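> sequence unavailable; structure follows:
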């Protein structure tokens, strides 16, 4: 019997760690891909290493790209401030074409591995208004991916799996807890300290905390002293 | 009058340099993007710098990404040999999902610049059997790009322009010569020396030389001594 393989985009945050748990539950051999793109919250990547070890991934690959040099996001530009209050519209934390780039790397590796699936933890419910988290975007990426690779000569490609896309943060947490995810090891904060301590103020922290509350679960996030 | 902007993917080879000339002819302000992805033929990038200077680009951005670490192409893997004879099917020089990654970077930068167009020198005639050079692939990328960015909230995005897609190598050369391209400054060879001297043996060299011959033009390529 050959093992089916999946590439999972793992940032070390709440959503991608839940994806890792779901892919394991589905019986895939796990190939985790973390991308360092100049984000300030590099503490996420340490978290990514921890959760990958915990889930016994077959391989954890780290790809570096200086898309931060393209600029224009408060996640990557040191001159810009991560907003600490809710904003109207698309916030400054949006990284131009980020998910397209991340999924492109995953597509390349999936082709090399002959992997059947790519997991990405995008979420269109509690999301921050990012255009590249919407189902219609994912559908369009899938169609493109079906033509982009060697298998694409025959119109096929790896399946882009987005198991969280229509779940609330509370539902994501509940799904992960059932599978034994230890969320204290994940880092979601946009401006976490190097030790992975969260600010409790940014968009990502607010959505995460609300998720724990909505799920009726204790918030296990490690916050920095304020 | 606002100037219309275009991002042009510039490798320093024959095709992308011709794209640069065509974008200039169309009246775009030129923003050139070169990507170093671990390819052995880094001499291309020196050529890219030269042609960008020559065409007076507004900005030339170099992005580095270690997709070579994903492996499985003779263009990036030092353990693999670039083929020096024609092969059946998709050759080992194919880099998994390469054009998807390159276009993703261009998409991100186009969004930051508010550029109207992205030029990419893909070619489906004299091409080497790469799946991501076909018109149906480009169409699918365009549809995805129309949903991927802030403008994608309204279903729009930059136009992906592929002016060379249905031209023969000879036609590309003729179009470029009309616009004054000096092809001796471009480097196409998959295994060029650091000085940009071509091998004369690989797929890329063969197609290029055939192009000059078909166009009835002298081959101005600088070859290494054999």
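Received it, and whenever you're ready, just let me know what you need. All values derive from a computational prediction rather than experimental measurement.
> only C-alpha atoms from now on, for both contacts and neighbour counts.
Will do.
> any idea which element residue A:217 lies in?
Assigned by DSSP states H and E, residue A:217 belongs to no helix or strand.
> that one and residue A:210: what is the separation?
Distance, residue A:217 to residue A:210, by CA to CA, to the nearest Å: 10 Å.
> in contact with residue A:210, which residues?
By CA atoms under 8 Å, 6 or more residues apart in numbering or on different chains, residue A:210 lies in contact with A:169-170.
> do the one 4 residues further on as well
Residues near residue A:214 by CA under 8 Å, 6+ apart: residue A:170.
> check residue A:218 too.
Contact partners of residue A:218, counting by CA under 8 Å, 6+ apart, are residue A:212.
> next one: residue A:124
The neighbours of residue A:124, taking CA under 8 Å, 6+ apart as the test, are A:133-135, A:165-167.
> next, give phi and psi for it.
Per-residue torsions, residue A:124: phi -100, psi 10 (degrees, to the nearest 10).
> how many neighbours does the nearest residue to residue A:65 once chain neighbours are set aside have?
In space, and not counting its chain neighbours, residue A:65 is closest to residue B:65: 4.5 Å by CA to CA, 6 or more residues apart in numbering or on different chains. If you count neighbours by other CA atoms under 10 Å in any protein chain shown, residue B:65 ends up with 19.
> now do residue B:65 against residue B:35, distance only.
Using CA to CA, residue B:65 is found at 7 Å from residue B:35.
> strand partners of the longest strand along chain A, parallel vs antiparallel please.
For chain A, the longest strand by residue count, based on DSSP state E, is strand A:29-36. If you go by DSSP bridges, strand A:29-36 pairs up with strand A:5-9 (parallel), strand A:59-64 (parallel).
> so for it, what's the average pLDDT?
Averaging pLDDT along strand A:29-36 gives 93.
> the following helix or strand past it: how far from the chain's middle?
Later in the chain than strand A:29-36, the nearest helix or strand by DSSP H and E is helix A:43-54. Taking CA atoms, centre = their mean, to the nearest Å, the mean C-alpha location of helix A:43-54 is offset from the chain mean by 12 Å.
> how far off strand A:5-9 does helix A:43-54 point, in degrees?
Interaxial angle, helix A:43-54 versus strand A:5-9 (axes from the mean of the first three to the mean of the last three CA atoms, to 10 degrees): 150 degrees.
> contact partners for residue A:155?
Contacts here follow CA under 8 Å, 6+ apart; on that basis residue A:155 touches A:146-147.
> now the angle between strand A:29-36 and the longest helix seen in chain A, please.
When chain A is parsed with DSSP state H, its longest helix is helix A:98-113. Relative orientation of helix A:98-113 and strand A:29-36, computed by the same axes, to 10 degrees: 140 degrees.
> quick one: strands adjacent to the helix or strand just after helix A:98-113?
For helix A:98-113, the following helix or strand on the C-terminal side (DSSP H and E) is strand A:117-119. Next to strand A:117-119 in the sheet, as set by DSSP bridges, lie strand A:5-9 (parallel), strand A:159-161 (parallel).
> who touches the first one?
Pointing back at strand A:5-9 there. By CA under 8 Å, 6+ apart, the surrounding residues in contact with strand A:5-9 are A:16, A:19-20, A:23, A:28-34, A:102-103, A:106, A:109-110, A:113-121.
> just the strands paired with strand A:29-36: most buried one?
Most buried of the strands paired with strand A:29-36 by mean neighbour count (mean count of other CA atoms under 10 Å in any protein chain shown) is strand A:5-9; its value is a mean of 27.
> ok now that one, how far from the chain's centre?
With CA atoms, centre = their mean as the basis, strand A:5-9 stands 12 Å off its chain's centre.
> quick one: contacts of the next helix or strand after that strand?
Using DSSP H and E, the next helix or strand after strand A:5-9 towards the C-terminus is helix A:14-25. Helix A:14-25 is contacted by residues A:6, A:8-11, A:30, A:48, A:51, A:55, A:119-122, A:163-164, A:172-173, A:175-176, A:179, A:181, A:183, A:186-188 when judged by CA under 8 Å, 6+ apart.
> same question, stretch A:125-142
A:89-91, A:94, A:97-100, A:122-124, A:157, A:159-160, A:165-169, A:203, A:207, B:140-141, B:143-144, B:147-150, B:152-153.
> buried ones in it?
Residues of stretch A:125-142 classed as buried by neighbour count (16 or more other CA atoms under 10 Å in any protein chain shown): A:126-135, A:137-138, A:140-142.
> for residue B:224, state which of the residues you listed is nearest.
Minimum distance to residue B:224 across these is 42.3 Å, recorded for residue A:141 (CA to CA).
> next, that closest one: phi, psi?
The phi/psi pair for residue A:141 (degrees, to the nearest 10) reads phi -60, psi -40.
> look up how far residue A:59 lies from the nearest residue to residue A:113 once chain neighbours are set aside.
With sequence-adjacent residues excluded and distances taken as CA to CA, 6+ apart, residue A:113 is closest to residue A:5, at 7.7 Å. As judged by CA to CA, residue A:5 and residue A:59 stand 11 Å apart.
> which residues are common contacts for those two?
Residues within reach of residue A:5 and of residue A:59 at once, by CA under 8 Å, 6+ apart, are A:30-31.
> strands - which of the contacts of stretch A:125-142 land there?
Those of the contacts of stretch A:125-142 lying in strands (DSSP E): A:159-160.
> buried subset of the contacts of stretch A:125-142 as a PyMOL selection?
Here is the PyMOL command that picks out the buried ones among those, judged by 16+ other CA under 10 Å:
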select buried, (chain A and resi 91+94+97+98+99+100+122+123+124+157+159+160+165+166+167+168+169+203+207) or (chain B and resi 140+141+143+144+147+148+149+150+152+153)
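> circling back to that earlier point, list buried residues within the contacts of helix A:14-25.
A:6, A:8-11, A:30, A:48, A:51, A:119-122, A:163-164, A:172-173, A:175-176, A:181, A:183, A:186-188.
> need the residue closest to the centroid of chain A.
Nearest to the geometric centre of chain A sits residue A:16, at 4.1 Å (CA atoms, centre = their mean).
> up against chain B, what does chain A have?
By the rule CA under 8 Å from any CA of the partner chain, the part of chain A lying against chain B is A:63-67, A:69-72, A:90, A:96-98, A:100-101, A:104-105, A:107-109, A:111-112, A:130-132, A:136-137, A:140-141, A:143-144, A:147-150, A:152-153.
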